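In: Sharing a model that was predicted from the sequence below.
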Amino acid sequence: MIRRLTAALVAATLSTPAMAAPLCDDMGFAGLLAACNRGEDINITLASGKPLGEDVTLQSGAYYTLVIEADGSAELAVEGASFFRAIWMNEIVINKIEVRPMAIDSIEFDKAGVVEMSFIAIKPGTHVMKIPGSTGETQQIKFSIQ
């Protein structure tokens, strides 16, 4: 009986998926939003004919800020439904106005401006954010959530 119970516990332990640890041990009252659980800011520049940036690796459960800045050289947007569904958005700040959306598909800039989005990475996998209608590798960024 003890052998069966031990075997069952070992099997259950081995079959459970590995969990990502938060960036800090003692997050306190703020939980996942604690300052010690924040990853580095992610910066994307939208400019006509220029690459969006380099691919990014995120840790599930960590808090990040994504800053998208358009230089106004063209009317440009970024879309990434898969990415936006793989995160929990805390807020999006546009012209010092805070928006707390349930979900978004894209962000479009008609002229120069900055959008800051704070979020917690949730769903592991590789998610793409790109300029709509583009096919080039430099016109997209891959977010790998581990």
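Out: Sure, I can see it.
In: in the sheet, who's paired with the most centrally placed residue in the chain?
Out: The centroid of the chain falls nearest to A121 when counting by CA atoms, centre = their mean (4.8 Å). Beta-bridge partners of A121, counted by DSSP bridges, are I87.
In: how close does it get to N37?
Out: 11 Å (CB to CB, to the nearest Å). Bear in mind the C-beta positions are built from the backbone N, C-alpha and C, glycine included.
In: Which neighbours do the two have in common?
Out: 61-62 (CB atoms under 8 Å, 6 or more residues apart in numbering).
In: Could you pull up the residues touching the residue nearest to the centre of the chain?
Out: Contacts of A121 (CB under 8 Å, 6+ apart): 58-62, 64, 86-87, 143, 145.
In: hmm, 6 Å instead?
Out: 58, 60, 62, 87, 145 (CB atoms under 6 Å, 6 or more residues apart in numbering).
In: Could you list which of those belong to helices?
Out: Among the contacts of A121, none falls in helices (DSSP state H).
In: among those residues, who's most crowded?
Out: L58 (25 neighbours; other CB atoms under 10 Å).
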